[in-house]
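Asks: The sequence and its predicted three-dimensional model are supplied below.
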Amino acid sequence: MKLRTYLKINSICFVFSLLVLAICLFKNQKTLPVFYLSVFLAINTGWSLIEFIFRTRFKKRPLFLQIKIAFRHSFWLAILALGLLLLYRFQVFYLPNILLLLVILGLLESFFYLSDKRYSEIKL
């Protein structure tokens with residue numbers, strides 16, 4: 001997939017998920033799975049675009065690696081936000097649960113960071 005195609009699809013998905021999120025919020029239906037899916041997609045696509053733009057401006061690396069890192073970071077952020085929403089929804093929004101979620105996501109990110117051979121060649 002070309003970079004322009006990826007960015008166009010990502011932008012369209014971001015706008016569509018924001019529209020669905022706005023509809024869910026205006027109809028006050030926050031318990032539907034559509035609400036949680038639209039929150040996940042909005043955060044994932046939006047942060048991916050923002051981080052990709054930031055990475056191309058300030059860090060000189062191959063574009064494919066930057067897209068991969070930006071998408072992975074946006075995925076973890078969306079999982080974190082969705083996890084916090086679900087913890088609040090099921091009334092288990094307590095500090096130990098939040099810390100456990102953060103530790104799990106941190107361990108997953110460090111696993112991906114250490115398992116990729118390209119990071120050893122590039123200095124952060």
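Replies: Received it, and whenever you're ready, just let me know what you need.
Asks: OK, contacts around Leu41?
Replies: Cys13, Phe14, Phe16, Ser17, Ala78 (Cβ atoms under 8 Å, 6 or more residues apart in numbering). In short, each C-beta sits where N, CA and C put it, glycine included.
Asks: what about the nearest residue to Lys30 once chain neighbours are set aside, how many residues close to it?
Replies: Take Lys30 and drop its neighbours on the chain: the residue closest to it by Cβ to Cβ, 6 or more residues apart in numbering is Cys24, 6.7 Å away. Residues lying near Cys24 (other Cβ atoms under 10 Å) number 19.
Asks: thought Cys24 was touching Val34?
Replies: Yes. Counting by Cβ atoms under 8 Å, Val34 is a contact partner of Cys24 at 6.2 Å.
Asks: Can you tell me how far Ile69 is from Leu100?
Replies: Going from Ile69 to Leu100 by Cβ to Cβ, to the nearest Å gives 25 Å.
Asks: The two: who's more crowded?
Replies: A direct count of neighbours by other Cβ under 10 Å for Ile69 and Leu100 places Ile69 higher, at 21 against 13.
Asks: Surely the more buried one is in contact with Arg55?
Replies: Yes. Counting by Cβ under 8 Å, Ile69 does reach Arg55; the two are 7.0 Å apart.
Asks: Could you report the distance from Phe58 to Ala70?
Replies: For Phe58, the distance to Ala70 - Cβ to Cβ - is 12 Å.
Asks: now do Tyr113
Replies: Counting by Cβ to Cβ, the gap from Tyr113 to Ala70 is 14 Å.
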